[in-house]
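Visitor: Okay, sequence plus prediction incoming.
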Amino acid sequence: MLLTAIIAYLALTVGIGAWSSRLVKNSGDFVLAGRSLPLFLSASALFATWFGSETIFGASSVYLEEGLLGVIEDPFGGALCLILFGMFYLRPMYKMKVLTIGDVFKKLFGKRIELFASIFMIPAYFGYVAAQLVALSLVLGAVSDLSLLQGILISAGIVVFYTFLGGMWAISITDFLQTTMIVIGLVWVAFMIAGEAGGVMNILNQAPEKSFDFFPESNIQDWMNYLGAWIILGLGSIPSQDIYQRVMSAKSQKVAIQSTYLAGLFYLSFGLLPLFIALGAQVLYPELSLENNQMLLPRMILAHGGLPIQIIFFGALISAIMSTTSSGLLAPSAIISENIIRPYFGDRLDDRHFLWILRTNVIFVALVATILASLETNIYDLVAGASILMLVSLFVPLTAGLYWKKASKAGALLAMVMGMATYLTFSFLETEIAPHIYGLSGSIIFMIIGSLSFPNTQQKTHALS
């Protein structure tokens, strides 16, 4: 019965994707839903940006091992990103009226930097989508006899189908349905756990020592790594296409700003529920301690929850993961089409051709992510790696381009290349301080050196002017 309900839910999602294809008339509709989303669709789409495998599977399993200090990146960093985007980045970028974050780099620094920014951005999404495919496969495997690889292939096929047809329209409409399922499912399970365990305080009182420590020890190394955890998603996802396309799909700047704040608040509030549920599950059912802690919550629900709670919980799981996966597929597809192919072939192709190029790119990204998913199965690591790549290469040029009048093309290029090079170098050295701290520092230093040493020959029109 549970498997039947899951199949019915997947069929409903695919059906919505097929229906959404009617709303797609051009590439702008496919990428940004025609810039026409009302507040409830815009906010739910932003809330669902990362509320997927890393929040429900990854963060809950890491929390059991490391406490709150282990999950600063997500959900705390994710909520920070949404709020910072609304406060400092949304207004200047919304006014540009462009399709992709790559177009923003073009506005700030020109075509060459647009190309480099796009090249640096695209690989990050392969690991991001791979993480979601692994999670969907784990869910399907928990309720069926599918192997991990079989589940990955089926999951990829389902999400590709409705994203291929409806683009951002399909993502936005399904996100609203999926957000509703996430909220109902997590709240229901949390109440069930609290009731069986004798109340919330009883669960919290039995938590392992230091489970609720929010600040590190008082030494510089721990504080540096603590701040490093905050900025992986908190800053690293700001220059990402998936955030950009969800925010810029709102029908007005005011709606977009309200959406970021609402989504940030909801993300933090409901992002803590999987941590509480995991803690309660370990208190109630210590025999469920698994070799793979990522599966603790699903196994607990299957073993101790009735059919209604199983349907709601797995519906919420699938909803969260599918939403994140579809957005992760569309983001690099748009970058490839609009910032790599269009600048060189735009005069030979019309918008109808680019719509099909976008759809073909969705399939290409899914194929690469599927291969990666079959090689790496740690969800939290896959997502963190994706955000770090953008943090060390793209965050500094974007911020400087928007807020520093002396930011130059040479500075932006050096910041991207040397930030990434610094990060990779320190990754091999296995330093005690997280390598992305060095990468971000290198990006800042070379942005300053490059901009002051090689200023733009023409006066730059400041983005905030």
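Guide: Structure's in. What do you need?

Visitor: When you work out contacts or count neighbours from here on, use the C-alpha atoms and nothing else.
Guide: Will do.

Visitor: quick one, helices of the stretch 301-450 of the chain?
Guide: Taking DSSP state H, counting those that start in this stretch as the criterion, the stretch 301-450 of the chain contains helices spanning 307-335, 342-345, 351-373, 379-393, 395-403, 409-429, 435-453.

Visitor: Dump these to a markdown table, plus mean pLDDT, mean neighbour count and distance to G195.
Guide: Putting the helices of the stretch 301-450 of the chain into a markdown table (pLDDT from 0 to 100; neighbours: other C-alpha atoms under 10 Å; distance: least, C-alpha to C-alpha, whole Å) gives the following:
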| stretch | mean pLDDT | mean neighbour count | distance to G195 |
| --- | --- | --- | --- |
| helix 307-335 | 83 | 26 | 14 |
| helix 342-345 | 85 | 13 | 57 |
| helix 351-373 | 90 | 20 | 37 |
| helix 379-393 | 75 | 25 | 30 |
| helix 395-403 | 97 | 22 | 45 |
| helix 409-429 | 96 | 22 | 45 |
| helix 435-453 | 97 | 22 | 42 |
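
Visitor: Could you name the stretch from those helices that's closest to I182?
Guide: Comparing these by their distance to I182 (C-alpha to C-alpha), the top pick is helix 307-335, with 4.2 Å.

Visitor: which secondary structure elements does the closest one contact?
Guide: Other helices and strands packing on helix 307-335, by 3 or more C-alpha pairs under 8 Å, 6 or more residues apart in numbering; DSSP states H and E, are helix 2-20, helix 53, helix 111-143, helix 148-196, helix 241-247, helix 296-304, helix 351-373.

Visitor: Which residues outside the helix or strand just after the fourth one are in contact with it?
Guide: The reference is to helix 148-196. Secondary structure here is assigned by DSSP states H and E; on that basis, the next helix or strand after helix 148-196 toward the C-terminus is helix 200-205. When contacts are taken as C-alpha atoms under 8 Å, 6 or more residues apart in numbering, the neighbours of helix 200-205 outside the stretch itself are A194, A197, L279, G280, V283.

Visitor: how about 6 Å then?
Guide: Contacts to helix 200-205, defined as C-alpha atoms under 6 Å, 6 or more residues apart in numbering, come from residues A194, G280.

Visitor: right, and the helix or strand after that helix?
Guide: Per DSSP H and E, helix 200-205 leads on to helix 220-234 as the next helix or strand towards the C-terminus.

Visitor: Which of the three states applies to the most centrally placed residue in the chain?
Guide: Closest to where the C-alpha atoms of the chain average out (C-alpha atoms, centre = their mean) is W50, at 3.9 Å. Three-state assignment for W50 (DSSP: H, G, I helix; E, B strand; the rest coil): coil.

Visitor: List the contacts of F426.
Guide: If a contact means C-alpha under 6 Å, 6+ apart, then F426 has P435 as its contacts.

Visitor: any idea how far it lies from L440?
Guide: With distances defined as C-alpha to C-alpha, to the nearest Å, the gap from F426 to L440 amounts to 12 Å.

Visitor: Same check on F40?
Guide: With distances taken as C-alpha to C-alpha, F40 is found 35 Å from L440.

Visitor: now I171
Guide: When distance is defined by C-alpha to C-alpha, I171 is 32 Å away from L440.

Visitor: Save the helices of the stretch 301-450 of the chain as TSV, and put in distance to L64 too.
Guide: Formatted as TSV, the helices of the stretch 301-450 of the chain follow (distance: least, C-alpha to C-alpha, whole Å):
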stretch	distance to L64
helix 307-335	19
helix 342-345	47
helix 351-373	24
helix 379-393	14
helix 395-403	31
helix 409-429	26
helix 435-453	25
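
Visitor: and A131, which of those helices is closest to it?
Guide: The minimum distance between A131 and the helices of the stretch 301-450 of the chain falls on helix 379-393, with 4.8 Å, by C-alpha to C-alpha.

Visitor: That concludes my questions; thank you for your assistance.
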